[in-house]
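Trainee: Any chance you could fold what I've pasted below:
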Amino acid sequence: VAALYISVKLNERLAFGSKEFAIISHGMYSVEDIEDTEWLILQGVSWRLCPPTSLQAGLLIISLMLNRAVAMTFEQGTWNFIKDEVAFQTENSVRDYYFTT
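Mentor: Alright, predicted model coming up:
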C-alpha cells in the first residue's frame, strides 16, 4: 500500500493522502502504518525516485513562462514547433557531458 501511495504521489496529478489509502484498505493499514512504511521505503532507496526528465522540466518551464491565455492564442502548429524545439534542445544538452554533471 505504501509503494502504491508513493507511486500515486509521483505520477498522478491528483494526489490522495495517506488517510484515503487507509480508508481504501478497509482498516488493514492505519495512516501511521502507511506513512511509516513510506518513510522506510524512501530511506531504503536513498530517496532516489524518478525525477522529471529534462524534457518534462523544459516543458514545465515553458508552461510557467506562458500563461494559459497567451498559449491559447498560439496556433497548434506553433505550439507543436515549440514543444519539438524544447525536445530537440534538451536532447542535445544531455549529449554534452558538461550539462549532465
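Trainee: CA atoms for contacts and neighbours, from now on please.
Mentor: Fine.
Trainee: Kindly list the longest helix within the protein.
Mentor: Longest helix of the chain, by residue count under DSSP state H: helix 76-95.
Trainee: now the helices for the chain?
Mentor: Going by DSSP H, the chain shows helices at 2-11, 18-24, 31-44, 54-65, 68-73, 76-95, 97-100.
Trainee: these two touch, right, L55 and E85?
Mentor: No. Applying Cα atoms under 8 Å, one finds L55 not in contact with E85, separated by 10.3 Å.
Trainee: quick one: which of the two has more around it?
Mentor: Between L55 and E85, counted using other Cα atoms under 10 Å, L55 has the larger neighbour count: 17 against 12.
Trainee: How much space separates that one from D84?
Mentor: 10 Å (Cα to Cα, to the nearest Å).
Trainee: again with E12
Mentor: Using Cα to Cα, E12 is found at 24 Å from D84.
Trainee: Now the longest helix of the chain: buried residues?
Mentor: K83, V86, A87, T90 (16 or more other Cα atoms under 10 Å).
Trainee: Out of those, which comes closest to V70?
Mentor: Nearest to V70 among those is K83, at 15.2 Å by Cα to Cα.
Trainee: The residue lying closest to the closest one once chain neighbours are set aside: neighbour count?
Mentor: Leaving aside its chain neighbours, K83 sits nearest to L59 (7.0 Å; criterion: Cα to Cα, 6 or more residues apart in numbering). By the measure other Cα under 10 Å, the count of residues near L59 is 16.
Trainee: Do you know the pLDDT at L59?
Mentor: We have a pLDDT of 86 for L59.
Trainee: for the one 10 residues further on, same thing?
Mentor: The confidence metric pLDDT takes the value 65 at A69.
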